[in-house]
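Student: using only what follows, build the 3D model:
(one chain, ligands or ions: 1)
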Amino acid sequence: MIYFSQRRLLRSLLTPNLVCRSLFDIPLESLSHSGYNAIWLDVDNTLLGAEDRDVSLNTQNWVLAAKSLGYSVVILSNNRRHYRIERICNQVDVDGVFRAMKPFPHSIRKVARQRQISLRRSIVVGDQLLTDVIVGNWVRAYSVLVDPMDKKLSLFKTVQREIELFFLARLQ
Ligand SMILES: [Mg+2]
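Tutor: I've put the predicted structure just below:
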């Protein structure tokens with residue numbers, strides 16, 4: 001049996017502030033007017049497909065546009081492959097963290113401290129409820145859930161996605 005307070009805690013961790021189809025639908029300008037000034041980006045299935053090697057020109061331009069609005073942009077990926085994340089950071093010309101261990105907030109807090117980024121004024125973007133959204137809500141940032149870019153997910157990811165959609169439907 002889940003008590004009311006636990007349910008409320010779960011809901012506050014699992015409910016994104018915003019659900020979008022892709023990065024391009026995030027209202028960067030109005031969020032900037034509301035005081036947000038940093039964006040933490042997931043990589044796989046958010047910035048590019050998990051099997052893709054290169055960030056599309058459109059996405060590169062989106063990152064440029066975010067920077068020109070005054071946002072600090074940081075990559076926060078759970079991917080263990082250092083060379084992949086470094087390559088992608090270079091493509092979009094931003095700093096990044098690999099093996100970030102989301103949903104645990106250690107990495108994001110550490111980098112925020114180092115770079116003097118306010119997490120309360122941050123937007124955390126990703127395609128997974130159980131990692132990206134939880135870490136964003138955990139540190140009280142503005143959490144944005146985007147659709148995964150790969151429509152064909154692996155079996156594990158499909159099961160995870162189903163669980164996430166179940167939570168989304170139940171909690172909203
Ligand atoms: Mg992802």
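
Student: ok, which residues in the chain are in contact with the ion?
Tutor: By the rule Cβ under 5 Å from the ion, the part of the chain lying against the ion is 42, 44-45, 127. Any C-beta I mention is one placed from the backbone N, CA and C, and that applies to glycine too.

Student: residue 168: what secondary structure?
Tutor: helix (DSSP: H, G, I helix; E, B strand; the rest coil).

Student: residue 11 versus that one, what's the distance?
Tutor: Distance of residue 168 to residue 11, computed by Cβ to Cβ, to the nearest Å: 11 Å.

Student: same deal with residue 149?
Tutor: Distance of residue 149 to residue 11, given as Cβ to Cβ: 27 Å.

Student: who has more neighbours, the two?
Tutor: Taking other Cβ atoms under 10 Å, residue 149 and residue 11 do not tie; residue 149 has more neighbours (18 against 14).

Student: a helix runs through that one, doesn't it?
Tutor: No: assessed with three-state DSSP, residue 149 is coil; it does not lie in a helix.

Student: I'd say it and residue 126 touch.
Tutor: No: Residue 149 is beyond contact range of residue 126, at 11.4 Å (criterion: Cβ atoms under 8 Å).

Student: how far off centre is the helix or strand bottoming out on mean pLDDT in the chain?
Tutor: Ranked by mean pLDDT, DSSP states H and E, the helix or strand of the chain with the weakest confidence is helix 155-171, at a mean of 76. In terms of Cα atoms, centre = their mean, to the nearest Å, the centre of helix 155-171 is set 17 Å apart from its chain centre.

Student: please apply the same query to stretch 76-93.
Tutor: In terms of Cα atoms, centre = their mean, the centre of stretch 76-93 is found 14 Å from the chain centre.

Student: residues in contact with that stretch?
Tutor: Residues outside stretch 76-93 that contact it (Cβ atoms under 8 Å, 6 or more residues apart in numbering): 40-44, 47-48, 53-55, 59-60, 63, 73, 75, 95-102, 107-108, 111, 124, 131, 135.

Student: what about residue 96, which SS state?
Tutor: Using three-state DSSP, the structure places residue 96 in strand.

Student: re earlier: so what sits against both of residue 149 and residue 126?
Tutor: In contact with both residue 149 and residue 126: residue 46, using Cβ under 8 Å, 6+ apart.

Student: ok, residue 51 - contacts?
Tutor: residue 150.

Student: the strands in this structure, which residues?
Tutor: For the chain, the strands defined by DSSP state E cover 18-20, 38-41, 72-76, 95-97, 122-126, 142-146.

Student: can you lay out the ones you listed as JSON lines showing mean neighbour count and mean pLDDT?
Tutor: Output for those, formatted as JSON lines (neighbours: other Cβ atoms under 10 Å; pLDDT from 0 to 100):
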{"stretch": "strand 18-20", "mean neighbour count": "15", "mean pLDDT": "95"}
{"stretch": "strand 38-41", "mean neighbour count": "27", "mean pLDDT": "98"}
{"stretch": "strand 72-76", "mean neighbour count": "22", "mean pLDDT": "98"}
{"stretch": "strand 95-97", "mean neighbour count": "18", "mean pLDDT": "94"}
{"stretch": "strand 122-126", "mean neighbour count": "27", "mean pLDDT": "98"}
{"stretch": "strand 142-146", "mean neighbour count": "25", "mean pLDDT": "97"}
